[in-house]
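[1] What follows is a predicted structure for the sequence shown.
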Amino acid sequence: MSGLKAMRRAGGIMARIKAQLPEVAKAGVSFAQIDSWVRSEIEKEGAETNFDREKGYRHAICVNKNAGICHGIPHDYLKVEAGDLMKVDMGCGVDGWQVDSAMSWVVAGGDAGERQEREVFLNRGRLALKKAIAAAQPEASIYDISLAMEKALTKHGYSMVYQLCGHGIGRKLHEEPLIPCIADGRDKSKIIKAGDALAIEVMYAAGNATLLVAEDGWTYETKDGSLTGYFEETVIVGASPEVVTSFGGSCLRSSPKKIIRSRC
């Protein structure tokens with residue numbers, strides 16, 4: 001199986017799991033149960049989990065809620081609660097080719113007004129991801145991708161995470177180039193090519209996006225306790241970028257011939 005076909009296969013598995021996840025991760029479910037379910041779904045498809053291949057990590061997913069944003073350990077003592085703003089980051093591999101994806105959603109229940117506000121917050125993040133993906137054109141730069149997501153969110157008064165970033169992907173889960181959530185002029189020289197594989201990540205906060213690492217040594221959460229949003233898709237660069245971790249695949253129908261390069 002070619003690299004692109006393998007990534008499409010792995011991406012399809014991620015898309016299906018993401019579609020089902022909000023129904024599985026209901027109020028009362030533990031983070032460990034979510035991790036166990038995702039692992040079983042990946043393995044029954046004949047794919048491999050890849051997060052547990054990172055040094056020091058042994059879980060299939062990272063899971064966070066509310067002020068937490070990234071690298072959250074799926075502890076059994078942590079539970080999903082009504083109205084929580086949940087975030088799950090996960091990936092898998094097929095024939096040695098990797099994909100990476102993250103989603104955020106609001107759990108049913110809780111205060112209706114607060115839940116609506118959180119939905120607006122997340123819908124703006126989803127739109128920012130679409131704009132960032134649309135910027136992943138041949139001969140565009142990493143700066144263009146970062147600027148697209150940043151402009152889409154800072155106009156609403158949100159702040160972009162600057163301590164973490166997206167990355168290239170392919171044979172390894174994390175490859176070059178790094179893709180910050182904040183536009184950096186130095187990235188104007190980092191030009192992407194048709195067929196490049198990128199894990200484009202949108203990470204942002206309703207307040208100050210400065211992050212601290214929790215006592216478990218892994219979980220990143222906002223210093224001021226403000227809500228965070230997190231969306232990620234694995235994308236193949238092209239005139240119409242292909243989103244391999246989303247149903248329908250694309251924005252694309254013309255397939256690049258090969259994956260030219262891909263990192264974190």
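    Happy to help now that I have it.
[2] if I look at the nearest residue in space to residue 162 that is not next to it in sequence, how far off is residue 191?
    Distances taken as Cβ to Cβ, 6 or more residues apart in numbering put residue 182 closest to residue 162, at 5.1 Å, once the chain neighbours are dropped. In short, each C-beta sits where N, CA and C put it, glycine included. Distance, residue 182 to residue 191, using Cβ to Cβ, to the nearest Å: 19 Å.
[3] same deal with residue 101?
    According to Cβ to Cβ, residue 101 and residue 191 sit 25 Å apart.
[4] In terms of packing, which of those two has more residues around it?
    Between residue 101 and residue 191, residue 101 has the larger neighbour count (other Cβ atoms under 10 Å), namely 26 against 15.
[5] The more buried one sits in which helix or strand?
    strand 97-106 (DSSP states H and E).
[6] List the buried residues in that strand.
    97-106 (16 or more other Cβ atoms under 10 Å).
[7] Which element is encountered next along the chain beyond that strand?
    Using DSSP H and E, the first helix or strand after strand 97-106 is helix 112-134.
[8] That next one - contacts with which helices or strands?
    When contacts are defined as 3 or more Cβ pairs under 8 Å, 6 or more residues apart in numbering; DSSP states H and E, helix 112-134 sits against strand 85-94, strand 97-106, helix 142-154, strand 197-205, strand 228-236.
[9] Please save the CA atoms from that helix in CSV.
    Provided in CSV are the C-alpha atoms of helix 112-134 (Å, rounded to 0.1, in the frame of the first residue of the first chain):
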residue,chain,number,x,y,z
ALA,A,112,-28.1,26.0,28.4
GLY,A,113,-26.8,29.5,28.2
GLU,A,114,-23.2,28.5,29.0
ARG,A,115,-23.4,25.6,26.7
GLN,A,116,-24.5,27.9,23.8
GLU,A,117,-21.6,30.2,24.5
ARG,A,118,-19.2,27.3,24.4
GLU,A,119,-20.6,26.1,21.1
VAL,A,120,-20.0,29.6,19.6
PHE,A,121,-16.4,29.5,20.9
LEU,A,122,-15.9,26.1,19.3
ASN,A,123,-17.6,26.9,16.0
ARG,A,124,-15.1,29.8,15.6
GLY,A,125,-12.3,27.4,16.1
ARG,A,126,-13.7,25.0,13.5
LEU,A,127,-13.9,27.9,11.0
ALA,A,128,-10.3,28.9,11.8
LEU,A,129,-9.1,25.4,11.0
LYS,A,130,-10.9,25.5,7.7
LYS,A,131,-9.2,28.7,6.8
ALA,A,132,-5.8,27.3,7.9
ILE,A,133,-6.3,24.2,5.7
ALA,A,134,-7.4,26.3,2.8
